[in-house]
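**Student:** Need coordinates for the following:
(one chain, ligands or ions: 2)
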Amino acid sequence: MAMLVSSWSKDIKSLPENYVFPPDQRPKELVAPLYNPPIVDLTKSTDEARQQILEAGRDFGFFQVMNHGISQSLIDEAMDVLLKEFFDMPAEVKARAFTAADSSKRCRLYTSTFQDIVGKYSVEVRKLVLKILDLICEGLGLEQGYFGDELSRIHLLSVNHYPRCPDPSLALGMQRHCDPNVVTILFQGDTNGLHVFNDGKWIGVEPIPNAFIVIIGCQLQIISNNKLKSAEHRVVTNSEVDRTTIGYFIIPSYECFVEPAKNFG
Ligand SMILES: O=C(O)CCC(=O)C(=O)O
Ligand SMILES: [Fe+2]
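**Tutor:** Ligands and ions are numbered 1, 2, ... in the order given. Below you'll find the model as predicted:
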């Protein structure tokens, strides 16, 4: 069996034993429908958008952003190039992008289309997430630019590929966790899979066309002194289609000391 799941998973009829989760960690709970999903519309006035962000961050730890200004064609192109240039490549080509000696298993892909499209996507998502951090900063009453330097120094793009699973009741795509960073902005396309733990139950984050999901990370919960909470989340699989998501993580510089902000308005 080739090393990468995306290389062999399309043809399997049953879940390999080493992918079956222990019974107590399987996604057995019913997922409650969410009648009022937290949505932030960036065409609304700044006051309204800021209010929506603060309420969603306080009550849910995440929200979906609509009308964010990033074109659907750029998002589609990024998804396409990430899929085609990596996950859909022949197994032996994929394997060559990894080096056994490199324990971090960093993937080395330097095609020009990849760089061009993913570069443009990253620039746009970076602008969007910094705009959201500015709204959070104003909403919390912090000094202007509070998140603009050390606290948002590192930007990490990470692509998650969840191949269809022969029996989704036996496994999770990603175990329950809170993102350890400041904030994550995720594009989940049009396939369900993300669940957030809220009020003692799992809720499904329904895909909204062209929307990004913003997940408050543990560090932002600390900085906001619990005014915003970090959403605990997990990913379930499905047996019909593969699911690919693009995460963009904002991380402080490694020298930065993360603590509750001193001057709340
Ligand atoms: O792919 C998803 O829906 C969520 C991914 C995630 O939670 C993560 O990368 O931290
Ligand atoms: Fe996460």
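
**Student:** which SS state does residue 50 fall under?
**Tutor:** helix (DSSP: H, G, I helix; E, B strand; the rest coil).

**Student:** I meant residue 63, not that one.
**Tutor:** Look at residue 63: counting by three-state DSSP, its state is strand.

**Student:** right, and it touches residue 42 too?
**Tutor:** No. If you go by Cβ atoms under 8 Å, residue 63 and residue 42 don't touch, sitting 11.2 Å apart. Every residue, glycine included, has its C-beta placed from N, CA and C.

**Student:** which of these two has more neighbours?
**Tutor:** The neighbour comparison of residue 63 against residue 42 (other Cβ atoms under 10 Å) goes to residue 63, with 25 against 18.

**Student:** Residues touching stretch 187-194, excluding its own?
**Tutor:** Stretch 187-194 is contacted from outside by 75, 79, 162, 173, 186, 204-207, 209, 212-213, 233-238, 241, 243-246, using Cβ atoms under 8 Å, 6 or more residues apart in numbering.

**Student:** low-scoring stretches of this structure, by residue?
**Tutor:** Flagging of the chain using pLDDT under 70 yields the residue ranges 1-4, 29-30, 33, 97-111, 265.

**Student:** What residues does it have near ligand 1?
**Tutor:** Applying Cβ under 6 Å from any ligand atom, we find that the chain lies next to ligand 1 at 158, 160, 174, 179, 186, 188, 193-194, 233, 235, 245, 247.

**Student:** Which of these fall in strands?
**Tutor:** Judged by DSSP state E, the subset of the residues of the chain next to ligand 1 located in strands is 158, 160, 174, 186, 194, 233, 235, 245, 247.

**Student:** Put the buried members of the contacts of stretch 187-194 into a ChimeraX selection.
**Tutor:** Selection of buried members from the contacts of stretch 187-194 for ChimeraX, criterion 16 or more other Cβ atoms under 10 Å:
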select :75,79,162,173,186,204,205,207,212,213,233,234,235,236,237,243,244,245,246
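
**Student:** and residue 132, how many neighbours?
**Tutor:** When neighbours are counted by other Cβ under 10 Å, residue 132 registers 24.

**Student:** shouldn't it be in contact with residue 214?
**Tutor:** Yes. Using Cβ under 8 Å, residue 132 and residue 214 qualify as a contacting pair, with a distance of 6.1 Å.

**Student:** between the two, what contacts are shared?
**Tutor:** By Cβ under 8 Å, 6+ apart, residue 132 and residue 214 have these common neighbours: 53, 65, 183, 185.

**Student:** and the second one, bridged to which residues?
**Tutor:** According to DSSP bridges, the residues that bridge with residue 65 are residue 40, residue 212.

**Student:** before we move on, the earlier item: just send the shared contacts of residue 132 and residue 214 back as CSV, with neighbour count too.
**Tutor:** CSV is the format used below for the shared contacts of residue 132 and residue 214 (neighbours: other Cβ atoms under 10 Å):
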residue, neighbour count
53, 24
65, 26
183, 26
185, 20
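
**Student:** so who does residue 150 touch?
**Tutor:** So residue 150 contacts 252-253, 255-256 (Cβ under 8 Å, 6+ apart).
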